[in-house]
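A.B. asks: Predicted coordinates and the sequence they were generated for:
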Amino acid sequence: MAEFDLVVRNGTVATAADTVRADIGVIDGRVVVLGRDLPVGTREVDAGGLLVLPGGVDTHVHVEQNGSPKGAETFASASLSAAFGGTTTMITHARQGPGESLRQCVEDYALRARASVIDYAFHLLVTDVTPTLLDDDLPALVAAGHTSVKVFMATRSNALSDPDLLALMARCRDAGALIVVHAENHAAMEFLTETLQRAGHTALPYNVLAKPAAIEREAIHRILTYAELLGMPVHVFHVTSADAATEIERAQQRGVAASGETCPQYLVFTEDDLRGNGEHAANLIFGPPPRTSHDRDLLWSYLKRGVIDVISSDHSPHPLAGPGGKLAGAREGGFPTTPHGIPGLETRMPLLFSTGVATGKLTLNNFVALTATNPAKRFGLYPAKGTIAVGSDADIVVWDPDHARIIRNDQLHHQVDYTPYEGFEVRGWPRTVISRGEVIIEGGMPGARANRGKWLRREAQPAATPLAEFLTNGAELA
Ligand SMILES: [Zn+2]
């Protein structure tokens, strides 16, 4: 009888810290040994000449979310698409609509998520702060293992008022939930949009002027100030600009537990890419919008220095064609009525490898840290996820660093009718993808059954400052 259920043999194993030649022995879905010349496994994967990486962890994904335009994308299709791109864990959003019970929303959403091929967790997306939510639903859900709360400072349908935001943040601090934020100043965005509309400037490239970097910088500054007052961690989603990254760095230098992510679209596209494309610019309507080439170049240095330490996709699978699609929205009223967001689960890791590692901007270990280890740590999933170590889940990607391909939407596995990266040439692509010791992608073919993904209970997040210190600032005042 074989000693291991699975052996990944002869590969070069890279984690966030090290790169070593090793075989990996797996029993019952977990890594039990790293070594050389391991005995035979029931299943053998030959990784000779290839890289062996921890499965990717994508911590910013929208799938089958309440209140979003309905496309064809489902948990089944999105998770399969993620797996084909080397991602074995995703965090999606259980959204509470106005007047809805957050607890009920999470229960309903969990039923839809069961179709997932890969493991998953949910951010609690709060849009309506009520006494029931603060006193009952939120503490109960966090205690049950949903330990991150998404808030919007942008968009009328989602944004919280500042008093509601503070009340929610304080309760998250007590419960042990991390705040994740879409940080743009909603009032300024609306004012600028209406001003552009009155002047007749609704063509798609004007989206950039309606949401300039200044409104992102202001919102980040404001919420990180609240984080500082409350002594709690805040993680900023989709940091797009040098200004925004500088705000995070300044907060970090003040001792605030501030962190941030960016996404491949901000490392690839600039605002110039929206111009001169007519309605094709709908492919590039996402929020916040892409910035200048100067911003794009500086984001790499913030990644390299660890000020921004997570890469997510912000996968938002609005269709291009059809009623409710991006083109119909663009024809109706230009950028203000075009659904914001682009797909990107499957292309996240190949794009970052190609633009980062293959060009020498990032090391292989930086790449693993940004796409797997840091997101797993930040969101309470480490060390089960995000690394290859004895005891961790056997979520493993055998990666071919020399595989060159041109991205074509008809070769991707999401149920979205376009990719903004159509025709983009990349180098580096997953060859074999393993989730909890099970080979789920091999030779470009899916080998996994649907519904095999598991919901991941996550650990509570420690507050940044002890409560006594938070209340008195270290001094007795009376
Ligand atoms: Zn998003």
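C.D. replies: Structure's in. What do you need? Residues are numbered from 1 along each chain as shown.

A.B. asks: where in the stretch 351-478 of the chain is pLDDT low?
C.D. replies: The model of the stretch 351-478 of the chain has pLDDT under 70 over residues 463-478.

A.B. asks: switch to 80 and redo it
C.D. replies: Applying pLDDT under 80 to the stretch 351-478 of the chain flags residues 444-450, 461-478.

A.B. asks: Helices along that one, start to end?
C.D. replies: Here the stretch 351-478 of the chain has its helices, by DSSP state H, counting those that start in this stretch, at 364-368, 374-378, 467-472.

A.B. asks: Identify the residues contacting the most centrally placed residue in the chain.
C.D. replies: Nearest residue to the geometric centre of the chain (CA atoms, centre = their mean): residue 60, 2.5 Å. For residue 60, the contact set (CB atoms under 8 Å, 6 or more residues apart in numbering) comprises 91, 180, 237-238, 261, 263, 312-315. For glycine as for every other residue, the C-beta is placed from the backbone atoms N, C-alpha and C.

A.B. asks: can you pick the most crowded of those residues?
C.D. replies: Greatest neighbour count in these, by other CB atoms under 10 Å, goes to residue 313: 30 neighbours.

A.B. asks: Check whether residue 93 sits in a helix, strand or coil.
C.D. replies: Under DSSP: H, G, I helix; E, B strand; the rest coil, residue 93 falls in the strand class.

A.B. asks: partner residues bridging it?
C.D. replies: Residues in a beta bridge with residue 93, per DSSP bridges, are residue 123.

A.B. asks: Show me where the stretch 1-150 of the chain has its strands.
C.D. replies: Taking DSSP state E, counting those that start in this stretch as the criterion, the stretch 1-150 of the chain carries its strands at 4-14, 19-27, 30-35, 41-46, 51-54, 56-58, 87-95, 119-125, 148-152.

A.B. asks: So what's the gap between the third one and the chain middle?
C.D. replies: In terms of CA atoms, centre = their mean, to the nearest Å, the centre of strand 30-35 is set 28 Å apart from its chain centre.

A.B. asks: Need the residues that contact it.
C.D. replies: For strand 30-35, the external contacting residues (CB under 8 Å, 6+ apart) are 4, 13, 20, 22-26, 388-394, 436-437.

A.B. asks: The same query, at a cut-off of 7 Å, please.
C.D. replies: Strand 30-35 has contacts (CB atoms under 7 Å, 6 or more residues apart in numbering) with 13, 22-26, 388-394.

A.B. asks: And the strands in the stretch 151-300 of the chain?
C.D. replies: Going by DSSP E, counting those that start in this stretch, the stretch 151-300 of the chain shows strands at 178-182, 234-236, 258-262.

A.B. asks: quick one, which of the ones you listed is nearest to residue 248?
C.D. replies: Between residue 248 and those, the shortest gap by CB to CB is with strand 258-262, which sits at 4.7 Å.

A.B. asks: Give the partner strands of that closest one in its sheet and their orientations.
C.D. replies: As assigned by DSSP bridges, strand 258-262 forms pairs with strand 234-236 (parallel), strand 310-311 (parallel).

A.B. asks: Including mean pLDDT and mean neighbour count, could the ones you listed go into a markdown table?
C.D. replies: Shown next, in a markdown table, are the strands paired with strand 258-262 (pLDDT from 0 to 100; neighbours: other CB atoms under 10 Å):
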| stretch | mean pLDDT | mean neighbour count |
| --- | --- | --- |
| strand 234-236 | 98 | 27 |
| strand 310-311 | 98 | 30 |
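
A.B. asks: Let's have the ones you listed in JSON lines, adding distance to residue 416.
C.D. replies: Compiled in JSON lines, the strands paired with strand 258-262 are given as follows (distance: least, CB to CB, whole Å):
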{"stretch": "strand 234-236", "distance to residue 416": "26"}
{"stretch": "strand 310-311", "distance to residue 416": "20"}
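
A.B. asks: Return the residues in contact with residue 405.
C.D. replies: Here residue 405 is in contact with 426, 429 (CB under 7 Å, 6+ apart).

A.B. asks: In the sheet, which residues pair with it? Tell me.
C.D. replies: Beta-bridge partners recorded for residue 405 (DSSP bridges): residue 426.

A.B. asks: any idea how far it is from residue 247?
C.D. replies: Residue 405 is 37 Å from residue 247, where distance means CB to CB, to the nearest Å.

A.B. asks: just residue 391 next, same as before
C.D. replies: The gap separating residue 391 from residue 247 is 38 Å, by CB to CB.

A.B. asks: And residue 436, by the same measure?
C.D. replies: Taking CB to CB as the measure, residue 436 and residue 247 are separated by 39 Å.

A.B. asks: which of the two has more neighbours?
C.D. replies: Neighbour count, other CB under 10 Å: between residue 436 and residue 247, residue 247 has more, with 26 against 21.

A.B. asks: what's the closest of the strands paired with strand 258-262 to residue 148?
C.D. replies: Proximity to residue 148 (CB to CB) singles out strand 234-236 among the strands paired with strand 258-262, at 7.9 Å.

A.B. asks: which outside residues touch the closest one?
C.D. replies: Outside of strand 234-236, the residues within contact range by CB under 7 Å, 6+ apart are 178-181, 183, 220, 223-224, 227, 248, 258-260, 378.

A.B. asks: Ok, stretch 302-315 next?
C.D. replies: Residues outside stretch 302-315 that contact it (CB under 7 Å, 6+ apart) are 58-62, 78, 238-239, 245, 248-249, 252, 259-264, 341, 343-345, 348, 352, 362, 370-371, 374-375, 378.

A.B. asks: again, but for stretch 107-115
C.D. replies: With CB under 7 Å, 6+ apart as the test, stretch 107-115 has contacts from 64, 74-76, 94, 120, 122, 450-451, 455.

A.B. asks: can you check stretch 9-20 too?
C.D. replies: By CB under 7 Å, 6+ apart, the surrounding residues in contact with stretch 9-20 are 21-24, 34, 44-48, 50-54, 364-365, 368-369, 373, 387-388, 398.

A.B. asks: The same query, at a cut-off of 8 Å, please.
C.D. replies: Here stretch 9-20 makes contact (CB under 8 Å, 6+ apart) with 21-24, 34, 38, 44-54, 364-365, 367-369, 372-374, 387-389, 398.

A.B. asks: For these, which ChimeraX command selects only the ones that are buried?
C.D. replies: With 16 or more other CB atoms under 10 Å as the criterion, this ChimeraX line picks the buried residues out of the contacts of stretch 9-20:
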select :22,23,24,34,38,45,47,50,51,52,53,54,364,365,367,368,369,372,373,374,387,388,398
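
A.B. asks: I'd guessed residue 299 sits against residue 243; true?
C.D. replies: No: assessed by CB atoms under 8 Å, residue 299 is found out of contact with residue 243, at 11.2 Å.

A.B. asks: re earlier: what's the closest of the strands paired with strand 258-262 to residue 189?
C.D. replies: Among these, strand 234-236 comes nearest to residue 189, with 16.5 Å by CB to CB.
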